[in-house]
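>>> after the sequence you'll find the predicted model.
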Amino acid sequence: MKVANISEVSGDRLKAVEVERETYLLVAHEGEFYALEHRCPHLGLSMKKGKVEGDCLVCPWHGSRFSIPTGENVDWVNSFVGMPLPKWSHKMIALGKQPQPIKSVKLERQGEELHWPKNVGASG
């Protein structure tokens, strides 16, 4: 299933797409293309306005960082709408929630198009 043209996904720009009624953020990283779950597992808020920093997607709300290639959580809640918070407050802002990963799917290239892999479901 085609999700985008390669030209629509470049640099650190995120592109939101819907796959099987689930929203994903498309991002280019080191010559590959990935679809990342768009909701942060901390509070379920959208990361559509998040930033790409290095090999991570950073949640715009509380600063959680997720590895683009794996979805692994690299840093859990450390800011409030982009403003860094002191280390002692991080657990309080986390509201008792433990770090969790997000889904990351490596997209397939077909010419100038990006396709969702056939063997990967969009939900779950």
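Sure thing, it's come through. None of the values given here were measured: they were computed from a predicted structure.
>>> ok, then the element right after the helix or strand of the chain with the lowest mean pLDDT?
Counting by mean pLDDT, DSSP states H and E, the weakest-scoring helix or strand in the chain turns out to be helix 90-94, with a mean of 72. Of the helices and strands lying after helix 90-94 in sequence (DSSP states H and E), the nearest is strand 104-106.
>>> report the buried residues of that next one.
By neighbour count on 16 or more other Cβ atoms under 10 Å, the buried set for strand 104-106 is 104-105. Just so you know, the C-beta spots here come from the backbone N, C-alpha and C atoms, and that holds for glycine as well.
>>> and what of stretch 69-82?
Across stretch 69-82, burial judged by 16+ other Cβ under 10 Å covers 71, 73-74, 76-79.
>>> ditto for stretch 40-50
Buried, per 16+ other Cβ under 10 Å, within stretch 40-50: 40-42, 45, 47, 50.
>>> which two of the residues you listed have the greatest separation?
For these, the farthest-apart pair by Cβ to Cβ is P41 and G50; their separation is 13.2 Å.
>>> contacts for the strand or helix carrying A16?
Element membership for A16 (DSSP H and E) is strand 15-19. Residues outside strand 15-19 that contact it (Cβ atoms under 8 Å, 6 or more residues apart in numbering): 1, 3-4, 8-9, 23-27, 35, 38, 48, 116, 122.
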